[in-house]
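Colleague: When you get a sec, could you give me coordinates for this:
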Amino acid sequence: MHIRRLTLSAAIAGLSFATSAPALAQAADKWQFTGSLYGYFPSMGGKTTFPQSTDGTDVTIDADKILDDLKFVFMGSFEARKGRWGGFTDVIYMDLGNSKSGTRDFVLGGHQIPADVQANASYDLKGWAWTLAATYVAIDRPEYSMQVLGGARMLKLEPKVTWELTGNIDSIPLPGRAGSLEADDTYWDAIVGVKGRAKLGAERKWFIPYYLDVGTGESKLTWQAMGGLGYAFGSWDLFAAWRYLDYEFKSGSKVEDLNFNGPGVAVQFHW
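Modeller: Numbering: from 1, shown residues only. I've put the predicted structure just below:
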């Protein structure tokens, strides 16, 4: 009788496992998708040296001392995952520009403009930052998750500067007293990083999203970091975060260094 009970229990356990195993396999084989839309409000810093014009004049300008007007920005991301493996893409488009009168943050032909000369300068920048990476879920706990990632990031920049010098400009060659220069450059870099979230509280509705990557390639070094605080509503989330994207370029590049830095809010959908 005792042996029969053990046999019956084992049969029930085996049946239970047989019915649950396909369910687990089915869950592992199911595609999961996440899409995010952001409102991003960055400021920009960095230094750009525009190529020489026909008269041999080049211009170096500190963008963070002139550029503080955000015309338009779009930012979105999409992620697909099946089991532990997946991939994601992230796109930022920015259009920034500003004009400044009487500035001395201006280098003409490799030399700082004289003390009695000022510049009326207009600086505009259009740029794309596109990240594409494969992901692997390294940690997946109810209270904490982390994915490791590897991929590439493309940065496309289209800066333009227009200037007119005022003051005692007699020492400035005539072609350098006013002008307009622009550039168009694209950089590709390989990146590695981590991303995920830490869930807070007993119900785990509040969470801390995080992201970090670092890479190199056509730039000398690039890295990006993001952290924030959000709330999960079920199939969608809402969170606020601070995001920093930094580039250091190789010697001889038109853009010497560049960073985008600022707050953002995002709505995220899961299906």
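Colleague: CA only for contacts and neighbour counts going forward, please
Modeller: Fine.
Colleague: For the residue nearest to Y123 when sequence neighbours are not counted, pull up the helix or strand it's in.
Modeller: Closest residue to Y123 apart from its sequence neighbours, by Cα to Cα, 6 or more residues apart in numbering: V161 at 4.6 Å. In this structure, V161 sits in strand 144-167 according to DSSP states H and E.
Colleague: With N261 instead?
Modeller: strand 255-270.
Colleague: Can you name every helix or strand that that strand contacts?
Modeller: Counting by 3 or more Cα pairs under 8 Å, 6 or more residues apart in numbering; DSSP states H and E, the packing neighbours recorded for strand 255-270 are strand 31-40, strand 43-50, strand 236-248.
Colleague: how far does the longest one sit from the chain's center?
Modeller: Taking Cα atoms, centre = their mean, to the nearest Å, one finds strand 236-248 lying 7 Å from the centre of the chain it belongs to.
Colleague: List the buried residues for it?
Modeller: For strand 236-248, a neighbour-count test (16 or more other Cα atoms under 10 Å) marks 237-248 as buried.
Colleague: Helices of the stretch 1-150 of the chain, residue ranges please.
Modeller: Assigned helices in the stretch 1-150 of the chain, in chain order: 2-29 (criterion: DSSP state H, counting those that start in this stretch).
Colleague: Look up how far F72 lies from the nearest residue to F74 once chain neighbours are set aside.
Modeller: The shortest distance from F74 to any non-neighbouring residue, by Cα to Cα, 6+ apart, is to Y93 (5.1 Å). Applying Cα to Cα, to the nearest Å, the value for Y93 to F72 is 8 Å.
Colleague: swap in Q268?
Modeller: 21 Å.
Colleague: Tell me which of the two has more neighbours.
Modeller: Q268 (18 against 13; other Cα atoms under 10 Å).
Colleague: Who is the more buried one paired with across the strands?
Modeller: Note on Q268: beta-bridge partners S36, D237, judged by DSSP bridges.
Colleague: That one touches W236, doesn't it?
Modeller: Yes - contact criterion Cα atoms under 8 Å: Q268 and W236 qualify, at 5.4 Å.
Colleague: List the contacts of the residue nearest to F74.
Modeller: 73-75, 126-129 (Cα atoms under 8 Å, 6 or more residues apart in numbering).
Colleague: Run through the bridge partners of it.
Modeller: Going by DSSP bridges, Y93 forms beta bridges with F74, W128.
Colleague: I'd like the distance between it and G193.
Modeller: Y93 is 22 Å from G193, by Cα to Cα.
Colleague: and if you look at G228?
Modeller: Distance from G228 to G193, by Cα to Cα: 17 Å.
Colleague: Show residues contacting stretch 140-159.
Modeller: By Cα under 8 Å, 6+ apart, stretch 140-159 touches 123-139, 182-200, 204.
Colleague: what about the closest residue in space to A190 that isn't next to it in sequence, neighbour count?
Modeller: Among residues not flanking A190 along the chain, A152 sits closest, at 4.3 Å (Cα to Cα, 6+ apart). Per other Cα under 10 Å, the neighbour tally for A152 reads 18.
Colleague: next one: S235
Modeller: Neighbours of S235 (other Cα under 10 Å): 10.
Colleague: isn't it right next to H270, touching?
Modeller: Yes - here S235 reaches H270: they are 5.2 Å apart, a contact under Cα under 8 Å.
Colleague: Now for Y93 and F72: what residues contact both?
Modeller: Counting by Cα under 8 Å, 6+ apart, nothing touches both Y93 and F72.
Colleague: CA atoms only for the helix or strand Y187 falls within, dumped as CSV, please.
Modeller: Assessed by DSSP H and E, Y187 sits inside strand 185-200. C-alpha atoms of strand 185-200 as CSV (Å, rounded to 0.1, in the frame of the first residue of the first chain):
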residue,chain,number,x,y,z
ASP,A,185,30.9,64.0,-40.3
THR,A,186,29.9,60.5,-39.4
TYR,A,187,31.6,58.3,-36.7
TRP,A,188,31.1,54.6,-36.0
ASP,A,189,32.1,53.0,-32.7
ALA,A,190,31.9,49.5,-31.2
ILE,A,191,30.3,49.6,-27.7
VAL,A,192,29.8,47.2,-24.7
GLY,A,193,27.6,47.9,-21.6
VAL,A,194,24.9,46.9,-19.2
LYS,A,195,21.3,48.0,-18.7
GLY,A,196,18.4,47.0,-16.5
ARG,A,197,16.3,48.1,-13.5
ALA,A,198,16.1,47.7,-9.7
LYS,A,199,12.6,47.4,-8.3
LEU,A,200,11.7,49.0,-5.0
